[in-house]
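Chemist: 3D, please:
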Amino acid sequence: MSAPAPTTPSDHPATAPTTRARLPIAVYILGLSVFALGTSEFMLSGILQPLARDLGVSIPQAGLLVSAFAIGMVVGAPVLAAATLRLPRRTTLIALLAVFGLGQVAGALAPSYGVLFASRVISALACAGFWAVGAAVAVSLVPVTARARAMAVMVGGLSIANIAGVPAGALLGQHAGWRAAFWAVAGLAALGLVGVIALVPRTAVPTGDDRPQLRRELTIYKDAQVWLALAATALNGAAVFALFSYLSPLLTDVAGLAESWVPTVLALFGVGALIGTFIGGRIADAHLFGTIFGGIVASTTVLTLLALTAQSPFAAIALSLMLGVTAFTTAPALNARMFNVATAAPTLAGATTTAAFNIGNTLGPWLGGLAISAHWGYRSVAWTGAALAAAAVVTTAVAFRLHRTRQHSRVVASSAATATAPAREATKQH
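Modeler: Numbering: from 1, shown residues only. This next block holds a predicted model:
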């Protein structure tokens, strides 16, 4: 008689312990470093105008500096993960964080737009590599049942960057010049570098059968679950950034809020993101698919409600906060999910997740811009985000069905093997 298939989804190879493991300090140091990286990635939204005036370029040209960073992240994550595969991870983190810091210094000293553009690309490549390797280090320092919590700390660094780093960069840029914001991020990178050197443990390069091999790690891309996890991550990010990129004109032109309200609403979104990251980190290890489903379905609902009620200032503000909560509740789970389906390639798993998030960050604003260019109004970006989130729900449903099928197959195979063993033994005795 075969055992019944599991009734609750789980990607974990063992039953979760009853006690919660304490996260090592090194994980929090990695989160601090991500705070610096995230501040650099998003702070240009607050200093575009003074930057454009100083360098003599248009606002759209200045905006390309944001796109350059996102594209650098997409390309840099898998390339640098593959290039540094056999290097000690701690050494790789130190080198990448140092390059990132130097990129910020180059940006602060940039005499022209071209030099600043190049510094952004270099910083993005280093940022992508650090995130990919850092994520692999974070999950390697904790048991499998604490992976989502470890990733929540790293994602939390990004959330805090939106709450504190980006507004602070904008404030600093307005009062001390946009270059001061780059100097401040360089200082944060230096602080993170000291922390990594002092507190992230050394890891020797494996030399035996377990040493990293690019060909072996690339085999994860033969697994449909890896592609489904990548698609869900990209679609979730695209849904959020289709709206977030145009939240300012939506608030002023549709909801009728004064421009002075925009920084407050952006900060509220960041607060929601931090709350969501905390919630996701607490529940995702025990309810991985449930967290992903719940978060993305909630985001679909919030975006739909925002599209329907955007003319109300109260609704626009409240739903912006709620979108931060729902969108970032899924982030730790999506990260952990990728590591669970790509256990044979932890470095490329982190790189793939990084690339997926940034594909979404690039795709969402582009699709939102197409909707606006089609003269559908700023409200259309919320509908665009809702459609993308709904697609992420479908993708996750397919992944869950495939996961349940595989779980059932493994249980049946194991039970069959157990049942036939006595029969084989009886045959031998007769």
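
Chemist: and the residue lying closest to Ala310 once chain neighbours are set aside, how close does it get to Ala148?
Modeler: Of all residues not flanking Ala310 in the chain, Val254 sits nearest, at 4.6 Å (Cβ to Cβ, 6 or more residues apart in numbering). For glycine as for every other residue, the C-beta is placed from the backbone atoms N, C-alpha and C. Look at Val254 and Ala148: by Cβ to Cβ, to the nearest Å, they are 36 Å apart.

Chemist: tell me the buried residues in the helix or strand harbouring Ala198?
Modeler: Using DSSP states H and E, Ala198 maps to helix 178-199. Across helix 178-199, burial judged by 16 or more other Cβ atoms under 10 Å covers 178-186, 188-193, 195-196.

Chemist: now it, how far from the centre of its chain.
Modeler: 21 Å (Cα atoms, centre = their mean, to the nearest Å).

Chemist: what comes into contact with that helix?
Modeler: 25-26, 29-30, 32-33, 35-36, 39-40, 43, 47, 50-51, 54, 90, 93-94, 97-98, 100-101, 104-105, 107-109, 165, 168-170, 172-173 (Cβ atoms under 8 Å, 6 or more residues apart in numbering).

Chemist: give me the neighbour count for the residue lying closest to Gly173 once chain neighbours are set aside.
Modeler: Nearest residue to Gly173, sequence neighbours excluded (Cβ to Cβ, 6+ apart): Ile47, at 3.6 Å. Using other Cβ atoms under 10 Å, Ile47 has 24 other residues around it.

Chemist: quick one: contacts for Ile47?
Modeler: For Ile47, the contact set (Cβ under 8 Å, 6+ apart) comprises Gly169, Ala170, Gly173, Gln174, Trp178, Ala181.

Chemist: dump those into JSON lines; add pLDDT and distance to Gly134 as well.
Modeler: Output for these, formatted as JSON lines (pLDDT from 0 to 100; distance: Cβ to Cβ, whole Å):
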{"residue": "Gly169", "pLDDT": "76", "distance to Gly134": "22"}
{"residue": "Ala170", "pLDDT": "72", "distance to Gly134": "26"}
{"residue": "Gly173", "pLDDT": "75", "distance to Gly134": "27"}
{"residue": "Gln174", "pLDDT": "69", "distance to Gly134": "31"}
{"residue": "Trp178", "pLDDT": "86", "distance to Gly134": "28"}
{"residue": "Ala181", "pLDDT": "88", "distance to Gly134": "23"}
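
Chemist: from those residues, which is closest to Ser248?
Modeler: Using Cβ to Cβ, the shortest approach to Ser248 within those belongs to Ala170, at 12.4 Å.

Chemist: can you tell me the helix or strand for the closest one?
Modeler: helix 166-176.

Chemist: contacts for that helix, please.
Modeler: Contacts of helix 166-176 (Cβ under 8 Å, 6+ apart): 39, 42-43, 45-47, 50-51, 180-181, 184-185, 263, 266-267, 270.

Chemist: buried set for that helix?
Modeler: For helix 166-176, the buried set under the neighbour-count rule, 16+ other Cβ under 10 Å, comprises Val166, Pro167, Ala168, Gly169, Ala170, Leu172, Gly173.
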